[in-house]
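Asks: please find the sequence and the predicted model below.
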Amino acid sequence: MEYAGLDLHKSFCQTTICTKEGELIKEGRIKTEAKDIEEFFSGLEDLTIAFEASGNYEYFYDLLEGLGHKVVLAHPLKTKMIAEAKIKTDKIDAKTLAELLRGGFLPTSYVPPKEVRALRHLVRHRIFLGRYRGIIKNQIKTELRRRNLKYQDGAGIFMGKGKKWLCNLKNPVLDSYLAIYEAVDRELKNAEREIEKAGKEYVEVKLMTGIKGIGVYSALIIYSEIEDCSRFSNEEKAFSYAGLVPRVHQSGNTSYYGRITKEGSKYLRWILVEAVRVHVQWCPNSKITQHYNKIKKKKGANIAATAAARKLLQVIYHMLKNKEEFRIEG
């Protein structure tokens, strides 16, 4: 068995390969081109390769796995906590990854199947487009306030007559924003059509849409982030992955519980909170809503929404794990 650590960069990666006993086999800096990587790792068998999760990890993960090697994705934050050093170089980073991997101490990140990764990219693209469209809307409203221009009709300013009114103002700044808005809105609708199509393929999505507040889009975000519930040994692990567990400081017999960690999937945490805000309005008798109302009386709506989001995730976890439909209790 041989072990390799890769310190990835945009145009090159530093690599260290060692035996199970820690003896150096090969090291070097190579370009991040497929032919260079294939050439460097050619002739090596029974090799496990580790590198940190980053924005471009998927390309290298699939490439190296395609070459027949076992690939492990290191958790960047946890790896840093274990191996942080005052002297930091690419060589040291690559060697550290190989040593942690060899010793069985490397904290790893979960890598979903290609199909689920593609689904993640689709829904995250939709999230980006929705937020960007919101920014453009705000910029248009700001420009109207700056010029004290007011739309008198009761209908929405970004619908039908409202958009026609904006165009008739002949304002170059507004015209520019409107052109961007139309382009983003068009792409957003295209993404929504793809999401509706994808949602029909998963039984998990059908189960989750049985919960008030969760539509196909929300369900696909949740599914693409969680994917397989069996990878969490218990519900607490799922809460931690969503960053919905409190920070804990313990000293002696005293324990202090602070705000939630916000570590893990920010997309999962965000959509759970958004879904809860709708759920409590349309499902007043569910345990999720009862939990929300109880916390709201003591600590306010925002903290209650976060607490209820954790409760919602608990329900979803057991629904997906047991393939059960949502039941209103209480």
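Replies: Nice, thanks for sending it over. Numbering: from 1, shown residues only.

Asks: ranges for the helices of the chain?
Replies: Along the chain, counting by DSSP state H, helices occupy 34-41, 57-66, 76-83, 90-103, 114-146, 161-168, 172-199, 203-208, 216-226, 235-241, 266-282, 287-299, 301-322.

Asks: list the helices and strands the fifth one packs on?
Replies: Under the contact criterion of 3 or more Cβ pairs under 8 Å, 6 or more residues apart in numbering; DSSP states H and E, the helices and strands touching helix 114-146 comprise helix 172-199, helix 216-226, helix 266-282. (Glycine included, C-beta is placed from N, CA and C.)

Asks: repeat that with 7 Å
Replies: Judged by 3 or more Cβ pairs under 7 Å, 6 or more residues apart in numbering; DSSP states H and E, helix 114-146 is in contact with helix 172-199, helix 216-226.

Asks: pLDDT on that helix, on average?
Replies: Along helix 114-146, the predicted local confidence has a mean pLDDT of 96.

Asks: over to the last one?
Replies: Along helix 301-322, the predicted local confidence has a mean pLDDT of 95.

Asks: count the neighbours of Ser109 for me.
Replies: By other Cβ atoms under 10 Å, 15 other residues sit near Ser109.

Asks: model confidence at Gly199, what's the number?
Replies: Among the per-residue scores, Gly199 holds a pLDDT of 94.

Asks: wait, doesn't it sit right on Met208?
Replies: No - in this structure, Gly199 sits apart from Met208 without contact. The criterion is Cβ atoms under 7 Å, and the distance is 9.8 Å.

Asks: and those two? Which one has more around it.
Replies: Ranked by neighbour count (other Cβ under 10 Å), Gly199 and Met208 place Met208 first, with 27 against 20.

Asks: roughly how far apart are the more buried one and Thr16?
Replies: In this structure, Met208 and Thr16 are 44 Å apart, going by Cβ to Cβ, to the nearest Å.

Asks: so can I have TSV of the helices and strands packed on helix 114-146 showing distance to His75?
Replies: Compiled in TSV, those are given as follows (distance: least, Cβ to Cβ, whole Å):
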stretch	distance to His75
helix 172-199	28
helix 216-226	16
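
Asks: most tightly surrounded among these?
Replies: When the helices and strands packed on helix 114-146 are scored by mean count of other Cβ atoms under 10 Å, the highest mean neighbour count falls to helix 216-226 (a mean of 24).

Asks: show me how far that one is from its chain's centre.
Replies: 10 Å (Cα atoms, centre = their mean, to the nearest Å).

Asks: also stretch 167-175?
Replies: Centre-to-centre, stretch 167-175 and its host chain are 37 Å apart (Cα atoms, centre = their mean).

Asks: what lies in contact with it?
Replies: Under the criterion Cβ atoms under 7 Å, 6 or more residues apart in numbering, residues Ile140, Glu143, Leu149, Leu166, Leu178 lie in contact with stretch 167-175.

Asks: 8 Å - rerun?
Replies: Contacts to stretch 167-175, defined as Cβ atoms under 8 Å, 6 or more residues apart in numbering, come from residues Ile140, Glu143, Leu144, Arg147, Leu149, Leu166, Leu178.

Asks: pLDDT weak spots in the stretch 151-300 of the chain?
Replies: Applying pLDDT under 70 to the predicted model, the residue ranges of the stretch 151-300 of the chain that meet it are 154, 247-258.

Asks: let me know which of the helices and strands packed on helix 114-146 is the nearest to Glu39.
Replies: helix 216-226 (35.0 Å; Cβ to Cβ).

Asks: measure the closest residue to Thr209 other than its chain neighbours to His69 for me?
Replies: Ranked by Cβ to Cβ, 6 or more residues apart in numbering and with sequence neighbours excluded, the top spatial neighbour of Thr209 is Ala219, at 5.3 Å. Distance of Ala219 to His69, given as Cβ to Cβ: 35 Å.
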